[in-house]
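A.B. asks: Sequence plus the predicted model coming up.
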Amino acid sequence: MSRQKQPLDLTDVSIPTHVAIIMDGNGRWARKRGLPRQAGHRAGVENLRRVIDACVEFGIKILTIYAFSTENWGRPESEVRGLMRIFRRVLDQELDELHAQGVCLHHLGDLSGVATDLQKKVLHALDLTKDNDRLILNVAFNYGGRAEILHAVQKMLADDISPDELTEELFSSYLFTHGLPDPDLVIRTSGELRVSNFLIWQAAYAEFYGAPEYWPDFGREELYDALKAYNRRERRYGLLSEP
Ligand code: FPP
């Protein structure tokens, strides 16, 4: 059954350039329905499609999603295997549509820790979509904020960067998000209010929005509510309010 899209008023809504999402609550969504956790992850993928479409509709230029953290390897092996199966399937079945939609895929994280066939699929997707410019979709996959910072420091040491050369800009250029603006808005679904090692450098001045819905239920209208809440915030970057 296709649901009629409710018209949403975007006049006077300032659209953040970069939105980042911690897609939390797939497991609880499934449990509430007496379903296995994998069904929650599958519903999460379907929802990601809706949210990508909404980002394009709202004119958001960069969406970063937390798909799999360095800590997620510690989940039961069957769940990890199920998640990897989902990522493979998404790359096989959704890539052409994402490409046609003008989505440019970026990967944040360490691909070397991932199965070779999956690495190949990711690299193919990055290459296929590299010239698209409608929406940049950063997929944090085998990603951890602390690991990213260590990785950046290791690369800087290997490049013989001296302490007096080091600036915040230079440091940022060594992160997986190099060349991209920091997130303006970080959303976490499922009512949890934690950062969980996500973009810990880049989100220093992001506005944080906690959504009560589990990720599979966080759709276009809920993203619109998050944008409206973002518009009510005053971003001060450590300064004082305008008089
Ligand atoms: C959190 O739910 C979600 C994840 C572990 C990430 C998996 C995300 C998806 C499958 C969405 C689609 C992503 C891509 C890139 C295809 P949880 O398992 O932590 O939920 P819980 O806290 O309720 O147990």
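C.D. replies: Looks like it came in fine.
A.B. asks: how close does Ala54 get to the ligand?
C.D. replies: 15 Å (CB to the nearest ligand atom, to the nearest Å). Glycine gets a C-beta too; all of them are placed from N, C-alpha and C.
A.B. asks: give me every residue that touches the residue in the chain that the ligand sits nearest to.
C.D. replies: The chain approaches the ligand most closely through Gly27 (2.5 Å), counting by CB to the nearest ligand atom. With contact taken as CB atoms under 8 Å, 6 or more residues apart in numbering, Gly27 is in contact with Arg37, Gly40.
A.B. asks: is it fair to say it lies in a strand?
C.D. replies: No. Counting by DSSP: H, G, I helix; E, B strand; the rest coil, Gly27 falls outside a strand, being helix.
A.B. asks: Which pLDDT does the model give it?
C.D. replies: Gly27 carries a pLDDT value of 98.
A.B. asks: Quick check: the gap between it and Ile86.
C.D. replies: Distance, Gly27 to Ile86, by CB to CB, to the nearest Å: 13 Å.
A.B. asks: Walk me through the regions of this protein where pLDDT falls short of the threshold, as ranges.
C.D. replies: Within the chain, the set of residues satisfying pLDDT under 70 comprises 1-3, 243.
A.B. asks: residues in it within reach of the ligand, list them.
C.D. replies: Within the chain, the positions near the ligand by CB under 6 Å from any ligand atom are 23-28, 41, 44-45, 48, 67, 72, 83, 86-87, 90, 139.
A.B. asks: May I have the beta-bridge partners of the spatially most central residue of the chain?
C.D. replies: Nearest to the mean C-alpha position of the chain, counting by CA atoms, centre = their mean, stands Ile65 at 1.3 Å. Counting by DSSP bridges, Ile65 forms beta bridges with Ile21, Val139.
A.B. asks: Check the burial of Gly232 by counting its neighbours.
C.D. replies: Actually, residue 232 is Arg rather than Gly. For Arg232, the neighbour count with other CB atoms under 10 Å is 7.
A.B. asks: sorry, back to before: just the ones in helices from the residues of the chain next to the ligand, please.
C.D. replies: Mapping the residues of the chain next to the ligand onto helices (DSSP state H) picks out Asn26, Gly27, Arg28, His41, Gly44, Val45, Leu48, Leu83, Ile86, Phe87, Val90.
A.B. asks: so what's in contact with Gly27 and Ile86 at the same time?
C.D. replies: Common contact partners of Gly27 and Ile86 (CB under 8 Å, 6+ apart): none.
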